[in-house]
Every structure is written in structure tokens, then in C-alpha cells.
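>>> Below: sequence and its predicted model.
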Amino acid sequence: MNDREQLQALLARCNNPYALLDAAYLPEDQARVLRTRNLRLIPGEKRRRGGKYAYAEWAHVIGIFQTLIGQHTGWREDLRILDAGCGSGLLAIACEPFLGGGGLYTGLDVAAEQLEFCRQHYTGDHYRFLHLDTANPFYAPGQPAVGVPWPVPEASQQLVTALSVWTHFNERDARFYMAELARVLQPGGKALVTVFLLDEDYSASLPRATGAPARFHATPLERWVFDQPAYGASDWLCPSWVEVPEEAIGITPAGLASLLDSNGLKVSAHYPGNWKEVPGAFFQDVLVLEKPR
């Protein structure tokens, strides 16, 4: 039996052959990274979750958000960043180049187990991780149901990031935590927030019940039809397949305008999401929000 046949036989006996290959591949690949040093922090496959599983997709998304952060903060290296819903640290990796001059990244999440991993994996004085002991029906159903303020001082952050966080908020939580975002941002501060924005591109992508041709016919579009009110809300909607609305929630332009206006925030840039089958920087819509000076 040659080496290839031995490998194939080994993989055939493994319940998760990708995990086995990843364990062998990851250290070899990271040892060969020459110019993008923060990619050394990409974790093994067990920790790569949140809608992005493949090593290549993690590296891709890290690059996208590293670029967006730099473009919208002037490529500073002393940023104070709050990452709401940090998970296992994808944006902690994207943010690392902006922390070298005394900056501080604060990762915040409802999942205590994820934070324990982050504290061990992302070390140094420029990283800290805080648990938010509040409920989310999809991610943390067993924690207290009331909204809990972010444990961060007022006007203390130059940047807030929230990757796939508002896509899991009902209207009540969306409003509560947008107020928190506005509270912790310093005047002139920015926020990168991803959403499922149910705008004209979304409407154009919908399958047509009449049989008239939609713009695209790919079957994944059927998954991203937000036609059920989330807890009766008119501007916060979820697909029919979810077990709880917070599994996936989209927001209408009217809902977004109300959300931002009530907190004194404005959209300074919008990168459409390719979930609507249009060219996009990222899967979800990326909003760059700004707090006026």
C-alpha cells in the first residue's frame, strides 16, 4: 500500500476526516505565512464556526474586515475596539494590526465557553474578553432574559464591530443594543455592523410565485426569504424555517432608519451583501455607522 492509499484508508476510518486533515495542515500552513502574520492566530476547525468553517474562508473574511477597519479608521495602530459577539475571535485576528501602538481590543460574547478559549488563544495586554450574561433565544437561551448593558464606559471606544450580531436580534434587543453602541462610541467613532437588509436588491432577488423570471434562480435564494414577522414586528422579519426568530432576522430600510435615527447615528458607507446574489464584499450587508462629533 503506497502513501496515498494509506492516507485514504485512514480517512475512511475517521468520523471527521476534515478535522484530521486540518490538524495536520494548519501548523504546516501557518509556519509558511510570510507577510500576513495575524493569520497565525486562525484556530483549528473545532473553533471555526459562526457561518464560516473552512480555513480559506476565515482567512478571506479576516482580510475583508481588516481592510474595512483600516479604510474607515485611517489605518491607526492605537485603536480602542469593542467587538460585540466576538465568538472564537475572527475579528480579534482582523483587528490585531491596529493594536500595536497601545490599542485595546475588547471581545464581548454571551457564550462563556467561547471566551475561555479566546483568553487562552489571544494573549497579551492588547486583548481582553468579557462575558455578557444575557439571554439570546438562539445562542444563549438559558441566561437571564433582560437586556444587560455592555460593561464598557461611555464614549470610550473608537470602533465597535458586530459581525452577524444584529442578524440575531429581535426588535427589542436591536434597539437596546444600538443604544449601547451609541453610548460607548466616542464622538466621531465608527461601527462596522452586519445585517440582512431587506432593500430593493433583496426584493429583486426573491423567487416569483407567478413564474415570472427572478433575477437569479439559484436554490439558496429560497433559504433567505424573510417573510415571517419576528414576534409581530413589521420591520424585523425571519424566514419560515427558523426554530426561533433569532436564528436569522432581517430588517427593512424603514426599521434601520428608525433604529439609527433614535440613537443619533448615520450610515457613512454600505457594502451590499452577496446573500442577495449581487456582488458584495461579504455575505451579509456591512454597514459603516458613524457617531457625529
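That came through fine.
>>> just for the stretch 151-293 of the chain, where's the confidence low?
208-221 (pLDDT under 70).
>>> Could I get the full set of strands for it?
157-162, 185-197, 228-229, 236-238, 250-251, 266-271, 285-290 (DSSP state E, counting those that start in this stretch).
>>> These into CSV, with extra columns for distance to residue 111 and mean neighbour count?
Heads up, the C-betas are built off the backbone N, CA and C, glycines and all. Compiled in CSV, these are given as follows (distance: least, C-beta to C-beta, whole Å; neighbours: other C-beta atoms under 10 Å):
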stretch, distance to residue 111, mean neighbour count
strand 157-162, 15, 24
strand 185-197, 18, 21
strand 228-229, 26, 14
strand 236-238, 21, 24
strand 250-251, 23, 26
strand 266-271, 27, 14
strand 285-290, 23, 22
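>>> Which among those strands is found nearest to residue 47?
Relative to residue 47, the nearest member of the strands of the stretch 151-293 of the chain by C-beta to C-beta is strand 157-162, separated by 18.4 Å.
>>> want to throw the strands of the stretch 151-293 of the chain into CSV with distance to residue 96?
Listed next are the strands of the stretch 151-293 of the chain as CSV, based on distance: least, C-beta to C-beta, whole Å:
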stretch, distance to residue 96
strand 157-162, 13
strand 185-197, 16
strand 228-229, 39
strand 236-238, 34
strand 250-251, 30
strand 266-271, 22
strand 285-290, 20
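>>> Out of those strands, which gets nearest to residue 145?
strand 236-238 (17.6 Å).
>>> so how far is the closest one from its chain's centroid?
Put simply, strand 236-238 sits 18 Å off its chain's centre (C-alpha atoms, centre = their mean, to the nearest Å).
>>> which helices and strands sit right next to it?
Applying 3 or more C-beta pairs under 8 Å, 6 or more residues apart in numbering; DSSP states H and E, one finds that strand 236-238 contacts strand 228-229, strand 250-251.
>>> Now find how far off-centre the first one is within its chain.
Computed by C-alpha atoms, centre = their mean, the chain-centroid distance of strand 228-229 equals 23 Å.
>>> cool, and stretch 40-59?
With C-alpha atoms, centre = their mean as the basis, stretch 40-59 stands 13 Å off its chain's centre.
>>> wait, isn't residue 93 in contact with residue 39?
Yes - counting by C-beta atoms under 8 Å, residue 93 does reach residue 39; the two are 7.2 Å apart.
>>> In CSV, list the helices and strands packed on strand 236-238 along with distance to residue 199.
What follows is these, written out as CSV (distance: least, C-beta to C-beta, whole Å):
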stretch, distance to residue 199
strand 228-229, 18
strand 250-251, 10
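>>> closest to residue 102 out of these?
Shortest separation from residue 102 across these is recorded for strand 250-251, at 36.0 Å, computed as C-beta to C-beta.
>>> Give me the contact list for that closest one.
With contact meaning C-beta atoms under 8 Å, 6 or more residues apart in numbering, strand 250-251 is reached by 166-167, 174, 195-198, 202, 226, 235-238, 259.
>>> what mean pLDDT does stretch 45-64 have?
Mean per-residue pLDDT for stretch 45-64: 94.
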